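*Asks:* Have a look; sequence and predicted model below, questions after that.
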Amino acid sequence: MKKTMPSNSLVGQTALVTGAGGGIGRGIALELAAAGARVVVAARRGATGEETVRLVQAEGGEALAIEADVTSLLDMQSAVKASLEHFGGLDILVHNATHGASGHPKQLQDFVDEDWDAQVAVDLVGAHHCAISAYEALSASGAGRMILLCSTFGLHGAALNPAYAAIKGGIRGLTKALAREWGPQGITVNAISPSALTAASAAFFDSNPALRDAYIANFPLGRMGHERDDIGRAVVGLCGQGMGYITGQVIQVDGGLYTAV
């Protein structure tokens, strides 16, 4: 009987992950590598990217750290070029980078243009830079994958977080537009809306256990997601052969927190 590769095997493929110096981005990078992909770790701070590479290599994977700021088109073009030169191609692009202020509540009237522009530059303009830089390489792959990180805030809105809600609404639209535009080239474009217990949220909940318990009670599965085991594996699944007919979708990876989407 002919042996076949598992549908989620990424052996022989190369993935570029932005914002992979920690948190969800690191979890995604580690899980992509565990599935067999060679991973280009793009991080604004080189030291954090190098740490992710060390973790990948400790598990026997291949990875390359690139210091890159997604707000710079030149940086993203350089990251894609490094992927091609070091690993011979680029099959998967995950845009995970987000501005650090996106998780801090702020009323609209308290925003100044610089605040708004800074968040848009990382999340939304950064997505554009990733897409325009990687298009030719993903087309050459024959089965390219682009994954964007979204949020339900972009669907139902978010009191005290108008910039983030607007940005993630834009990510939803970009995902669907690129899926239509790039489909003829064999590229799928999807987004996930994750809910994960990051280091920042864990620290907040540790100091506010009552709020933690009240929030966790909203999850049908009784917990928040794990950056790698839940979010990373969802990305791997979308990148595998078994999900090659899914495109233009925004998928909730949140333990059932939002079901009316």
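*Replies:* All right, it came through fine.

*Asks:* Helices of the protein, residue ranges please.
*Replies:* Along the chain, the stretches classed as helices by DSSP state H are 23-34, 46-58, 73-87, 113-141, 153-156, 162-182, 199-207, 209-216, 233-239.

*Asks:* which helices and strands does the shortest one pack with?
*Replies:* It stands for helix 153-156. On a contact count with 3 or more CB pairs under 8 Å, 6 or more residues apart in numbering; DSSP states H and E, helix 153-156 meets helix 162-182. From N, CA and C alone the C-beta is placed, and that goes for glycine too.

*Asks:* Model confidence at residue 180, what's the number?
*Replies:* Among the per-residue scores, residue 180 holds a pLDDT of 98.

*Asks:* just the one 10 residues further on next, same as before
*Replies:* What the model reports for residue 190 is a pLDDT of 98.

*Asks:* that older thread, can you lay out the helices of the chain as CSV showing distance to residue 192?
*Replies:* Formatted as CSV, these follow (distance: least, CB to CB, whole Å):
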stretch, distance to residue 192
helix 23-34, 10
helix 46-58, 19
helix 73-87, 21
helix 113-141, 14
helix 153-156, 12
helix 162-182, 10
helix 199-207, 17
helix 209-216, 20
helix 233-239, 6
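
*Asks:* Quick check: which of the ones you listed is buried the most?
*Replies:* helix 23-34 (a mean of 26; mean count of other CB atoms under 10 Å).

*Asks:* thinking in terms of the whole chain, how far from its middle is that helix?
*Replies:* 9 Å (CA atoms, centre = their mean, to the nearest Å).

*Asks:* try stretch 115-131
*Replies:* 14 Å.

*Asks:* before we move on, back to that, least confident of the helices of the chain, on average?
*Replies:* helix 153-156 (a mean of 75).

*Asks:* How about residues contacting that one?
*Replies:* Helix 153-156 is contacted by residues 161, 164-172, 193, 250, 258, 261 when judged by CB atoms under 8 Å, 6 or more residues apart in numbering.

*Asks:* next one: stretch 127-145
*Replies:* 13, 16, 18, 70-73, 75-77, 79-80, 83-84, 89-93, 95, 146, 148, 171, 174, 178, 182, 185-190, 238-239, 241, 244.

*Asks:* now swap in stretch 160-175 and tell me
*Replies:* 102-103, 105-108, 111, 115-116, 119-120, 123-124, 127-128, 131, 148-151, 153-155, 157-158, 189-191, 193, 248-250.

*Asks:* Extract the C-alpha trace of that stretch and format it as CSV.
*Replies:* Extracted in CSV, the C-alpha atoms of stretch 160-175 (Å, rounded to 0.1, in the frame of the first residue of the first chain):
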residue,chain,number,x,y,z
LEU,A,160,-13.1,51.5,24.7
ASN,A,161,-11.1,49.9,21.9
PRO,A,162,-12.3,51.6,18.7
ALA,A,163,-8.9,51.5,16.8
TYR,A,164,-8.5,47.8,17.4
ALA,A,165,-12.1,47.1,16.3
ALA,A,166,-11.7,49.1,13.2
ILE,A,167,-8.4,47.5,12.3
LYS,A,168,-9.7,43.9,12.8
GLY,A,169,-12.8,44.8,10.7
GLY,A,170,-10.3,45.8,8.0
ILE,A,171,-8.4,42.5,8.4
ARG,A,172,-11.7,40.6,7.8
GLY,A,173,-12.3,42.6,4.6
LEU,A,174,-8.7,42.1,3.4
THR,A,175,-8.9,38.4,4.0
